[in-house]
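Colleague: Just need the structure, nothing else, for what follows:
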Amino acid sequence: MSTSDLDLRDRNALFNNLERDTFDVAVIGGGITGAGIARDAALRGMSVTLFEMTDFGAGTSSKSSKLIHGGLRYLEHGEIGLVFESVSERRVQTKLAPHLVRPLPFLIPIYKGVRPGFEIMNLGLWIYDSLALFRAPRSVLWSLDARNNASES
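Modeller: Prediction:
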């Protein structure tokens, strides 16, 4: 079956085709993750079927940040291997789909007296950027005091 064979007005015919055909991969959910998995599997030559409860990608815009990040939050828990794996996958996605993935730096405001402080966050971002092999734009911290005077680092 090809996409040209699909007639969304006849659900019974679609389900009959699903009973008759065999697929390498069945993906449940047509959001950003499901669509990415289905695309990746199809690019690798697998036959794919995707099931979506509503309209394909219906909740993606309002329910996803659309960030392809490297797991900055995992650093706090010392999960260095997971961060490295995440930034490595981000690099792969950047190469496979440069029209969908573009690097952006983090911009993080740090208020005086709030933990983690400026120095710890600066060190954490340096570790994060080093695990990404400094291949993405450098992250930026803004140090803010109570009067909202910002200084960039």
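
Colleague: got a list of what Pro105 touches?
Modeller: With contact set as CB atoms under 8 Å, 6 or more residues apart in numbering, Pro105 has these partners: 136-140. Quick note: C-beta positions are derived from backbone N, CA and C, even for glycine.

Colleague: helix or strand right after the lowest-mean-pLDDT helix or strand in the chain?
Modeller: Taking all helices and strands of the chain together, the one with the lowest average confidence (mean pLDDT, DSSP states H and E) is helix 60-63, at a mean of 48. Reading on from helix 60-63 to the C-terminus, the next helix or strand found by DSSP states H and E is helix 80-96.

Colleague: can you give me the strands for the protein?
Modeller: All strands of the chain, identified by DSSP state E, fall at 25-28, 48-51, 107-111, 140-144, 150-152.

Colleague: buried sites along the third one?
Modeller: I take that to be strand 107-111. Of the residues in strand 107-111, Ile110 count as buried by neighbour count, 16 or more other CB atoms under 10 Å.
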